[in-house]
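Novice: coords please:
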Amino acid sequence: MRYGGYRRNPARNDIVIALVCLPLYFAAVGRYGLRVLAALAISIAVGLLTEVIASKIRKKELPGTGFVCWILIPLVLPPVFPLWMLGASVFFGTVIGVAFFGGYGNHLASPVALGWTFAALSYSKAFGFGWSLPFPDVITGYSRYAASVLTIDHPIIFLEAQRSVTLTDLLYGNVPQTPGMAVPALVIGCGLLLYLLKAVDVRSSLIFLGTVIGLSIAGEWIMPGVFGDPYMVLTGNLLLAGFFVFPDRRTAPRTKGGRYVTALLAGIIAFLIRSFSTFPCGVFFAVIFANVFSPIIDEGFIRVKYGRPDDGKNTKNGMVVKGCCR
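Specialist: Residues are numbered from 1 along each chain as shown. The predicted structure follows:
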């Protein structure tokens with residue numbers, strides 16, 4: 001079925017995204033220890049239980065589960081973020097992002113972005129000191145529970161002070177990262193695989209990431225030292241958000257123009273947050289902003305194309321012409 005200019009097959013896409021996450025977990029456990037698997041187990045248990053209870057309260061059959069969101073949330077939070085706080089964040093993202101709007105598929109904003117935001121704002125101290133140094137390879141973590149804890153607020157702050165960090169170090173994960181970014185080169189490869197399998201809205205993803213990267217390069221060229229090294233786009237959750245979260249077709253606008261404008265807007269906001277806010281990598285704030293405003297942007301494009309039902313452009317003998325949309 002075609003809708004809004006691109007194929008929608010949510011169940012198939014969810015399975016593809018979940019499978020593509022498997023290599024990320026393999027690298028995450030190897031770099032940050034078996035604790036990553038404990039976080040995944042808690043995330044799935046809390047998310048599933050929350051959705052089941054919500055469906056019982058609504059007295060409606062569970063239409064589908066947000067298992068992709070439960071898989072992604074542990075990948076975007078700090079490696080040693082307290083597990084009970086992670087569970088609370090999954091609960092918040094599932095209740096506010098999914099259950100409140102009638103179930104998975106009806107949600108207004110990404111539960112992953114909402115869960116991350118809840119964790120960052122509600123448990124800011126634990127979030128700031130939830131980072132750890134990675135193990136030297138992707139095998140050591142399978143014999144350890146967790147890596148050494150860093151006493152820093154965020155890896156981006158740590159890396160900005162390290163002049164010896166090379167592009168190779170960033171690509172292969174030899175620096176502190178979120179579990180999902182244990183090996184950024186692998187994230188890029190998995191993202192391209194999602195493109196090939198058409199499991200996400202490819203153009204939205206490319207515009208979003210391209211905007212952030214383009215502005216970072218331009219900012220460094222115009223005002224060196226003010227916007228940070230463009231290589232910093234390989235840190236934080238930017239790639240995970242750009243490949244796995246933002247181009248989710250359930251929260252993307254329906255119109256082609258709406259998707260382009262929303263992606264451009266989200267990219268600009270993500271760049272500004274990374275450059276000037278107190279959150280070194282608040283990319284999920286930009287995702288939530290874009291998700292919330294995408295229906296309004298959609299409305300604008302629909303009205304431009306069809307006009308208002310009551311402005312005389314789409315009426316005939318006092319009747320609204322079939323196919324006109326509000």
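Novice: could you look up the SS state of Val165?
Specialist: coil (DSSP: H, G, I helix; E, B strand; the rest coil).
Novice: ok, it - how many residues close by?
Specialist: For Val165, the tally of surrounding residues (other CB atoms under 10 Å) stands at 18. From N, CA and C alone the C-beta is placed, and that goes for glycine too.
Novice: please determine how far it is located from Val292.
Specialist: Val165 is 35 Å from Val292, where distance means CB to CB, to the nearest Å.
Novice: one more: Ala18?
Specialist: In terms of CB to CB, Ala18 sits 26 Å off from Val292.
Novice: of the two, who's got more company?
Specialist: Set Ala18 next to Val292 and count neighbours by other CB under 10 Å: Ala18 wins out with 15 against 12.
Novice: quick one, what contacts the more buried one?
Specialist: Counting by CB atoms under 8 Å, 6 or more residues apart in numbering, Ala18 makes contact with Phe67, Val68, Ile71.
Novice: Ile17 contacts Leu193, correct?
Specialist: No. Ile17 is beyond contact range of Leu193, at 10.1 Å (criterion: CB atoms under 8 Å).
Novice: mind checking which of the two has more residues around it?
Specialist: Neighbour count, other CB under 10 Å: between Ile17 and Leu193, Ile17 has more, with 23 against 15.
Novice: helix or strand for that one, which one?
Specialist: Using DSSP states H and E, Ile17 sits within helix 10-32.
Novice: how far is that helix from where the chain is centred?
Specialist: Centroid displacement of helix 10-32 relative to its chain, using CA atoms, centre = their mean, to the nearest Å, is 14 Å.
Novice: continuing past it, what's the next helix or strand?
Specialist: Downstream of helix 10-32, the first helix or strand assigned by DSSP H and E is helix 35-58.
Novice: elements contacting that following helix?
Specialist: On a contact count with 3 or more CB pairs under 8 Å, 6 or more residues apart in numbering; DSSP states H and E, helix 35-58 meets helix 10-32, helix 67-76, helix 83-97.
Novice: to Thr140, which of those helices lies closest?
Specialist: Among the helices and strands packed on helix 35-58, the nearest to Thr140 by CB to CB is helix 10-32 (6.7 Å).
Novice: relative to helix 67-76, how tilted is that closest one?
Specialist: 20 degrees (axes from the mean of the first three to the mean of the last three CA atoms, to 10 degrees).
Novice: which positions in helix 10-32 come out as buried?
Specialist: Judged by neighbour count (16 or more other CB atoms under 10 Å), helix 10-32 contains these buried residues: 13-14, 16-17, 20-21, 24-32.
Novice: ok, now stretch 126-135?
Specialist: Going by 16+ other CB under 10 Å, stretch 126-135 has these buried residues: Phe127, Phe129, Gly130, Trp131, Ser132, Leu133, Pro134, Phe135.
Novice: likewise stretch 233-241?
Specialist: For stretch 233-241, by 16+ other CB under 10 Å, it's Val233, Leu234, Thr235, Gly236, Asn237, Leu238, Leu239, Leu240, Ala241.
Novice: in TSV, list those along with secondary structure, pLDDT and distance to Ile273.
Specialist: TSV is the format used below for the buried residues of stretch 233-241 (DSSP: H, G, I helix; E, B strand; the rest coil; pLDDT from 0 to 100; distance: CB to CB, whole Å):
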residue	secondary structure	pLDDT	distance to Ile273
Val233	helix	83	13
Leu234	helix	86	17
Thr235	coil	86	14
Gly236	coil	86	10
Asn237	coil	92	12
Leu238	helix	93	10
Leu239	helix	94	16
Leu240	helix	95	15
Ala241	helix	94	11
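Novice: closest one of the residues you listed to Arg58?
Specialist: Ala241 (29.9 Å).
Novice: which residues does stretch 55-71 contact?
Specialist: Contacts to stretch 55-71, defined as CB under 8 Å, 6+ apart, come from residues 10-11, 14, 17-18, 21, 40, 43-44, 46-48, 51-52, 90, 93-94, 97-98, 102-105, 110-112, 115.
Novice: show me which of those are buried.
Specialist: By neighbour count, with 16+ other CB under 10 Å, the contacts of stretch 55-71 hold 14, 17, 21, 40, 43-44, 46-48, 51, 90, 93-94, 97-98, 103-104, 110-112, 115 as buried.
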